[in-house]
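Trainee: Predicted model and sequence follow; I will ask about them next.
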Amino acid sequence: MASGPMTASANTKEALEQVTILFSGDSGDGMQLTGSQLTTTSAALGNDVSTLPDYPSEIRAPAGSVAGVSGFQLHFSAQEIHTPGDNPDVLVAMNPAALKTNLPRLLPNGILIIDQDAFSERNLAKAGYEENPLDDPELGSRYQLHPVPVTTLTLNALNDLDLKRTVKTRCKNFFTLGLVYWLYERPLEQSLEWIDKKFSRVPLVAEANRLALQAGFNYGDTSDAFAVQWTVPGARNTPGTYRIINGNEASALGFVTAAQLADKPLVYSSYPITPATDVLNHLSRWKHMDVRTIQTEDEIAAMGAAIGAAYGGAFSVTGTSGPGICLKSEAIGLAIMLELPLVILNVQRGGPSTGLPTKTEQADLLQAMFGRHGESPLPVLAAASPGDCFETAIEAFRIAVRHSTPVFIMSEGYLANGSEPWRIPSLKDMQPITVRHLDDPNGFQPYSRDPATLARPWVIPGTTGMEHCIGGLEKHPPTGAVSYAPEDHEEMCRLRAEKVARVADFIPELEVNGPQHASLLVLTWGGTCGAALTAVQRAREQGLSVSHAHLRHLNPFPRNLGELLARYEKVLIPELNSGQLSLLIRAKYLLDTISLPKLRGQPFTVVEIETRINELLQ
Amino acid sequence: MSPEENTIKLTRKDFAASQDVRWCPGCGNNAILAQVQKTLPELGIPRENIVIISGIGCSSRFPYYMNTYGIHSIHGRAPTLAMGLKCARPELQVWVMTGDGDSLAIGGNHFTHALRRNVDINIVLFNNRIYGLTKGQYSPTSEIGAKTSSSPDGSIENPVNPIGVAIGSEASFIARTVDVFQKHMSEVLRRSAEHSGAALVEIAQNCIIFNDATWAHITDPDNRLEHVLYLEHGKPMRFGKQGEKGIRLNGLRPEVVKVEDVGEENLLIHDEQASEPTLAYLLSRMGPPEFPTPVGVFRAIKKPVYSQLLMEQVRSAQAAKTADLDALFRQGETWDVPGSPDGDNQ
């Protein structure tokens, strides 16, 4: 563990197992930054961490309004954790709107830190408060209320600096961070270094933020308001070097890694769309890895470019969110018909239509499975956690290349923007991705098949003597010549389906966390994994007969899935949609699954799943 | 390309696929196919380095009939595949074969953006002013009043001018030719292939079944010289059987004049390299009944090429920074959990 408290304090110290803290303020208050600073510092201390940023889709919604509230929830723990926490133990509210939005979520007797300077009549009115809630004695009796004049104290601390008042006021998030650092015995060094780096060109601003951070810390130390300082000791993780990663960066790193493992350039074509845009932003900065990014004129062009790049022999990805997939559907059908290896990333958000751009959902599973005309199957994978986006990206390419097919990766806003510690992988432990471009014209047929995988050869332009034309029209197997013959269409449909089905021969069988036979199995996919795993573990601690299984492969399913499900009396499927995986399982295995749907733009809490488990096993 | 490859003499036959051509007898596409098959061998590019990508429509069957690499893609999207391919393989020569519906209706967005980006591709637009494959509906280039199977009372839509769209899209090479002008077409295609950047060649093409004789005023051998203005860089604009007519600029308006009345020195001089597209735009608006129809190269300018710029950025990034995946993994702050042999922080 790194350094302990900065100063010798006379306060009482108490150890805690875990803390969930929610920073909440105006979207201009720097709450995302404050949260991510505490995340890095806590992770470096050895805590396991998991985060949930929650922000409005407006860049600057009217200041002080409920619509403009931006939040960052962080769960840090002495034990391994899998979710950003259900309800916060600590709420930091930088204005009345933040208090109004998030107070209902604060646990009873939770710590409530408030910037009382922000509770002006004007701000109270904007938040819809008729009276100042700080005047209500109820608030102080229900929670450990700490009204702190954050703005005033920040300005006082920066009194000697020759900066505009507005610039000084902006440092109040670092004051708050300093206070929280004191409260949970976090060292300041990491944030001080970050400030120096971030504001190296404006030393005065760096100084202001440093002073604010220190002032917040000192306030905790010297004021009588906080009687207790809490410690959360480090978790014991697998040895290695770690960093914090969110899902979008993990996806981007995974794509680059896959291309490097195959010694191929990576072409990423994309149209900006929340919450997938950061993948494009990251990759456009990694040209030194032979990454070529194309910001196309629309979603269709991004898919078309992905097909063109794959045809040329590059490792090719297009990334988007659900509305983008709608537009790409026809071209995805072409990729299926051409049987070219490429990857389509869907960072899901709330829908339909523009829906909830910045909120999470898992409602595009059936779209990935069936959202094209004709019989057009393709493999579908889903990432389970932010860090898992890395592995999923690499596996998607392995499947795409081995089976000559486009592959869907399902991510979610929750995974894309949420972060967790990530053990930096060792390159020498990774299997290369073997790519073979057929270059022997003897007996070449564009739609001949590998006997095991049914993949067709990946022949690229520039190969002498193998010139040929492929297209979206139906074909004669194996020549690929255009054919509308009834038997050819039936055979080609069968081959395309069989090829995708055979992916199951190359993926691991599904494993269960918990007893192999039990009263209940909780089956999940995507980002629901963590909450379900935690809920199941808690339920088992209470003596309930329940197991958890998590599907990374949604098409095809692992070979043992049907047999596995049959071993449990009941199967519960929590998902952020109205029961899409449940529908697939029912259809395929004629099994009466129990669906636990949620459509609130937020991930499952552990309690929501635990409650349902308890109900089912009463 | 290696010197040996360069010396290989390819012929028209080398570029003809074994597939039976299934366009209607007398379709202008057959003449275009013949000229492309004749012109490509003259470029000295190995056959395997040429890729022909098409969308949907009669013209888009083109790649099946060429013994090169090809993709028959989906409606309107060929330029997007071409762009992706060029970013993966900048060394390939990529052609997009498209029609007026494919490129100006359903694919209008990609058409303009491919030209704007100046992706190094050749777009050949077969303009027959009709939807042939779906049996005769009006297209974006059909004239007002055109009676077609979907406009029995005459089209009420303003047609779009492909050359004008290309100018508005800042295209760096813009040309027009006619399906029956064999030598002219071959020359224009060659110029297009040699151009670095996005090239648009509009080919006035006859659909013998659904829109026969739509270009008759310029294809009729007896009157062709009266109605066609052959553009030649640096030359005065003259037309007519004896070259007796010319184009003069009167203020901002071009006008048809008799050369002997005004003198050749007062005629407009064609400048395909003009830095501003003003002249090209004036020319794009010319046509019957008042004016002859210009054919040839409207515009050919040097502009930075998208695929080259992209690769320059990649190469300079590679020169500045080693491709170190492990370093990429370790961006930002890292920490060690003891037991690891390879930690680097703290």
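Mentor: Received the coordinates, thanks.
Trainee: Make sure A:Ser448 is actually in contact with A:Pro478.
Mentor: Yes. The pair A:Ser448 / A:Pro478 is scored as a contact, 4.4 Å apart, by CB atoms under 8 Å. C-betas here are computed from N, CA, C, even on glycine.
Trainee: show me the contacts for A:His75.
Mentor: A:18-20, A:49-51, A:81, A:83-85 (CB atoms under 8 Å, 6 or more residues apart in numbering or on different chains).
Trainee: host element of it?
Mentor: Secondary structure assigned from DSSP states H and E places A:His75 in strand A:69-77.
Trainee: Kindly format the C-alpha coordinates of that strand as CSV.
Mentor: These are the backbone C-alpha positions of strand A:69-77, laid out as CSV (Å, rounded to 0.1, in the frame of the first residue of the first chain):
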residue,chain,number,x,y,z
VAL,A,69,-26.8,17.8,-13.4
SER,A,70,-23.7,15.7,-14.1
GLY,A,71,-22.7,12.9,-11.8
PHE,A,72,-19.8,10.5,-11.3
GLN,A,73,-20.4,7.5,-9.1
LEU,A,74,-17.3,5.6,-7.8
HIS,A,75,-17.2,2.4,-5.8
PHE,A,76,-13.9,1.6,-4.1
SER,A,77,-13.3,-1.4,-2.0
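Trainee: Give the pairing partners of it; include direction for each.
Mentor: Using DSSP bridges, the neighbouring strands of strand A:69-77 in the sheet come out as strand A:18-26 (antiparallel), strand A:48-54 (antiparallel).
Trainee: Doesn't A:His550 lie inside a strand?
Mentor: Yes. According to DSSP: H, G, I helix; E, B strand; the rest coil, A:His550 belongs to a strand.
Trainee: ok, what's across the strand from it?
Mentor: According to DSSP bridges, A:Thr524 are recorded as the beta-bridge partners of A:His550.
Trainee: what's around the residue of the stretch 101-250 of chain B found nearest chain A, how many residues?
Mentor: Nearest residue of the stretch 101-250 of chain B to chain A (CB to the nearest CB) works out as B:His113 at 4.0 Å. Burial of B:His113, expressed as a neighbour count using other CB atoms under 10 Å in any protein chain shown, amounts to 19.
Trainee: Same check on B:Asp222?
Mentor: As a burial measure, B:Asp222 scores 7 neighbours (other CB under 10 Å).
Trainee: can you pull the pLDDT of it?
Mentor: Model confidence at B:Asp222, given as pLDDT, is 89.
Trainee: for the one 4 residues further on, same thing?
Mentor: Residue-level confidence at B:Glu226 comes out at 95, pLDDT.
Trainee: I'd say it and B:Lys241 touch.
Mentor: Yes. Checked against CB under 8 Å, the pair B:Glu226 and B:Lys241 is within contact range at 6.6 Å.
Trainee: So for those two, which residue has more residues nearby?
Mentor: B:Glu226 (14 against 11).
Trainee: and the next element down the chain from the helix or strand that one falls within?
Mentor: With secondary structure defined by DSSP H and E, B:Glu226 is part of helix B:224-227. Counting by DSSP H and E, the element after helix B:224-227 in chain order, helix or strand, is strand B:228-230.
Trainee: neighbouring strands for that following strand, and are they parallel or not?
Mentor: Sheet partners assigned to strand B:228-230 using DSSP bridges are listed as strand B:293-300 (parallel).
Trainee: pLDDT of the helix or strand following the strand it pairs with, averaged?
Mentor: Using DSSP H and E, the next helix or strand after strand B:293-300 towards the C-terminus is helix B:306-320. When pLDDT is averaged over helix B:306-320, the result is 97.
Trainee: any idea of the pLDDT on the residue of the stretch 101-250 of chain B closest to chain A?
Mentor: Each residue has a pLDDT score; the one for B:His113 is 98.
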